[in-house]
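S.K.: this one's sequence-less:
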């Protein structure tokens, strides 16, 4: 069926078609305005900015790397003027350690999420667009990959590669980590492409690429964003888990997870050693999640008023 | 429909085979052998004897075929680290504990989570939305091992209400369940909220409103049903996941569950246990996916196999 | 939502009031809750793997002999005689019964040893028995297991024949009995579940919930049952340290060993707990690769050894538990009836007056390495790659660099032991446990060992000592050997390990000798 088969009353078909298929150019501005109104999300964004700044600038302030060196005579000190966050069991300045750990944790979260989102979106999107046998084959591959328990994959790969660098960890966590994203993206695209307005757009003979760019992608964006905001804290969390198991970031590098895991058994004696890294994780996760919720609401075209 | 299910089951067997193969060879890539991981400084002859007793001196391909043949006879093999324990018994002994704790936690978490999600979505951008979401999230932002240790210290040492560790009755499950339900709670709260919001502005809701249906009816009949759909797949996967248990909670509260066993098996290089558990857990997972697909088909007529994008 | 959670908590609380579990620190009859940190691998006495398994076997079966307060005492054997050449041990068994009332016979002990020698079993402690005639050959599959030097002469006489005299034989091995019928009945799963193992020791295993708890009750058939005071005990399996300490703190455990000084300080303030410090059989030490061009110089090795602040190392790496070591043999080893350490001054003490930095310079000059220590870089191979483990290595690095001015490069390597064994290292860190007699520790270095230190004199001293049935001569040879090894700094002992146990006041009878093999037999509750 083609658009020409219809007679649209009250105007030339071409202009009407354009009008219906085109989003107003103020989409981004509109989203930004709505985001600004969401105080929680703005606060979260500011918090994230501060945290990022802190972990970057912190070690410069604290006389790194000297502060990072073990000092047998200044062990387990409580927070004080010289050591803002106190010292750890080896007499290292905890403020410096928490900043360094934060770099690693945030990097793992961002890089991991970026990889799985990009891979997953492309894969899921292509599968949904191709449809038919190709879609079937692609999704069955995803099924197989994601049937291996995620934890097993991460642990096995960390153990097999045995290098335990941050890059290795990100690789281990993303190697099958993109599968859920691919699924989500595909099913959302399928849902949208079967919705009435896409049908209508097709009937009006709008180029498929236009449909994809104007309708499918913006409408899938909200789902991808919700997923992203889940994934970043998810990676930070997985790293903390791996650290607890002993497969996390290895010294001399550290991460919030590694710091918290090391402090866990002694928290009743040196609560600050647990409080600061765990607080770092908690604040970052909370901020990312709230920011994501705000972004989602702002970007979702159907929520526009 | 039946034909579709049969096809899926045949395909599930293929998945299991692939996963087993990948795991088998990945496991054998790990440097070191199980006996060295267990006992350091072993005389070389003893080590060789041990490896020979388990057939590890044979070529890898042959070991693989032997293992597959063994699997086909329904034998999941035996533990190396714990001589005399069959993998099938390990699964039978440990997974019920994990499933019980995980099941209760999931039930509580999902129920509360969905309720929170609905509450937040209906009050979108007003204070109940913010408050509920932040509260639901708080629990998940702190690593489980930190929550578990804090809870244990507060509620069994400082204020001894619940037992510290063990598995001897309902009281022993309270703290582990609390630790484990915060995850699903936040996850489902967020998904439910976001999926409710997707539905809120949908045409059929507008239609329903235009028809003058009461708000309660709209929420219950139209919004809830349609927003629950995206959660179905997730729920099936979550249910499959409870059998695998939680390493952290099981270690800290000394619960005899599968999660703890699984992780220590990997670090012990206990090949047959890792492989066997993997086969079982994968099987459960694959079944859950099939179940979720069937459920989705029953619930949402728009998603059908063969419908082209 | 918070309300809901509180409601659920309250509900559970109310429900739990009806459950019968007892909690809190109190003596509920003659039972004890003990801690083990991992699930026993198996309770099959021929296949077991670790110390956890071994301790339980000591509680549920009766070995031929036990070590009590450091002395080999009759257990399953009422008495025994050793032939004049030291080769033949003849044991006369006691009248003892399995928990199903059938008598324990010499055949049960002989069967257990034959099973241990079977290469099909190939178990890790078989090496302990290699001094029995043909045991090694049978283990390597060269002869049948019925050709080993073990013979049941009647129901109550067991004869064991050795290859060579071994005065430490009975203090080194545990000879547990095992019934052929039990093994036949359970097949491969023998030892893996509670129902599969019979008991002939002070206790019997009632239930075994894997990875959670093992419960034992007294075995009324046991020959010495009247001296067993506990009604039973439970081993709680708790891997996480803070959970272990929490359990001890609230009385879920009646006693537990504590390895961190902070927890120790906390428990010290408790009036209802008492402390038992036990020096263990383990010496922590550094090994130097004596084939290395730099470390082949004895003075450089001595300097590295003397530069270590051993107190600080104990404080940081071991929670303050342990004693600085200036010798190899720990304080718990005996020769004949004489405590080795009490009879022998620690050799390294003689060198303490030397200035390590000066010694290093002398050594460098001898070795032609110039006079600038900062140009000397040494590699320190370290095995523990955990976060804390790594920081310990950095402590050694700091100590050496501060005291000697040398550069230390740390090689973190999980397979450090393999590198050390292969001689691909400069300085390594190891620990060696010992047996009741010092021979085990001393013989590690007879042919160079991990240090690749060769001394014909040392080898001869150890060999002569170990073959001597005369206690005084044996002691003298061992003393000379130890002095030779330590003064030449083939190794640098750092500390003798120790454990600290806290127990509630009502718990009594905790063994204090690390070699004791009495299991839970001696425990009791003060009424």
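M.R.: Now that the structure is in, tell me what you want to look at. The model shown is predicted, which means the values in this text are computed figures rather than measured ones.
S.K.: which residue sits closest to residue A:294, ignoring its sequence neighbours?
M.R.: Nearest non-adjacent residue to residue A:294, counting by Cβ to Cβ, 6 or more residues apart in numbering or on different chains: residue A:41, 2.2 Å away. The way it works is simple: take the backbone N, C-alpha and C, and place the C-beta from them, glycine included.
S.K.: Correction: the previous question concerned residue A:161.
M.R.: Going by Cβ to Cβ, 6+ apart, residue A:161 has residue A:168 as its nearest residue, at 5.0 Å.
S.K.: burial of residue C:226, as a residue count?
M.R.: If you count neighbours by other Cβ atoms under 10 Å in any protein chain shown, residue C:226 ends up with 7.
S.K.: make that residue A:141, sorry
M.R.: Neighbours of residue A:141 (other Cβ under 10 Å): 15.
S.K.: and it, what helix or strand is that in?
M.R.: Assigned by DSSP states H and E, residue A:141 belongs to helix A:132-147.
S.K.: next one: that helix to chain centre, how far?
M.R.: How far helix A:132-147 lies from its chain's middle: 24 Å, per Cα atoms, centre = their mean, to the nearest Å.
S.K.: mean confidence score for that helix?
M.R.: Across helix A:132-147, the average pLDDT comes to 84.
S.K.: right, is it up against chain B?
M.R.: Yes - Helix A:132-147 lies within reach of chain B by Cβ under 8 Å from any Cβ of the partner chain, at A:132, A:135, A:140, A:143-144, A:147.
S.K.: Please identify the buried residues of that helix?
M.R.: Counting neighbours by 16 or more other Cβ atoms under 10 Å in any protein chain shown, one finds that the buried residues in helix A:132-147 are A:135, A:138-139, A:142-147.
S.K.: which intervals of chain C have sub-threshold pLDDT?
M.R.: Within chain C, the ranges that satisfy pLDDT under 70 run C:1-29, C:122-125, C:385-388, C:414-415.
S.K.: Next: chain A.
M.R.: A:1-28, A:62-72, A:162-164, A:250-252, A:299-305.
S.K.: quick one: the helices in it?
M.R.: Secondary structure of chain A (DSSP state H): helices at A:13-21, A:27-37, A:39-61, A:94-130, A:132-147, A:150-161, A:166-174, A:178-193, A:196-203, A:208-211, A:217-245, A:256-264, A:271-299.
S.K.: Please, where are all the strands along the stretch 201-350 of chain C?
M.R.: C:203-209, C:213-218, C:232-237, C:255-258, C:273-288, C:323-324, C:334-335, C:338-339 (DSSP state E, counting those that start in this stretch).
S.K.: Who are the packing partners of the fifth one?
M.R.: Which is strand C:273-288. Secondary-structure packing of strand C:273-288 (3 or more Cβ pairs under 8 Å, 6 or more residues apart in numbering or on different chains; DSSP states H and E): helix C:261-268, helix C:298-306, strand C:427-432, strand C:491-504.
S.K.: So which elements touch the helix holding residue A:141?
M.R.: Counting by 3+ Cβ pairs under 8 Å, 6+ apart, helix A:132-147 packs on helix A:94-130, helix A:178-193, helix B:2-29, helix B:271-299.
S.K.: now for the chain, which residue lies nearest the mean position of the chain?
M.R.: Just going to use chain A. Centroid-nearest residue in chain A: residue A:232, 3.2 Å away (criterion: Cα atoms, centre = their mean).
S.K.: you looked at the wrong chain, it should be chain C
M.R.: Central residue of chain C (Cα atoms, centre = their mean): residue C:433, at 5.8 Å.
S.K.: for that residue, phi and psi?
M.R.: Main-chain dihedrals, residue C:433, degrees, to the nearest 10: phi -80, psi 170.
S.K.: quick one: it from residue C:284, how far?
M.R.: 11 Å (Cβ to Cβ, to the nearest Å).
S.K.: can you check residue C:195 too?
M.R.: For residue C:195, the distance to residue C:284 equals 41 Å [Cβ to Cβ].
S.K.: out of the two, which sits in the busier spot?
M.R.: Just comparing residue C:195 and residue C:284: by other Cβ under 10 Å the higher neighbour count belongs to residue C:284, 20 against 13.
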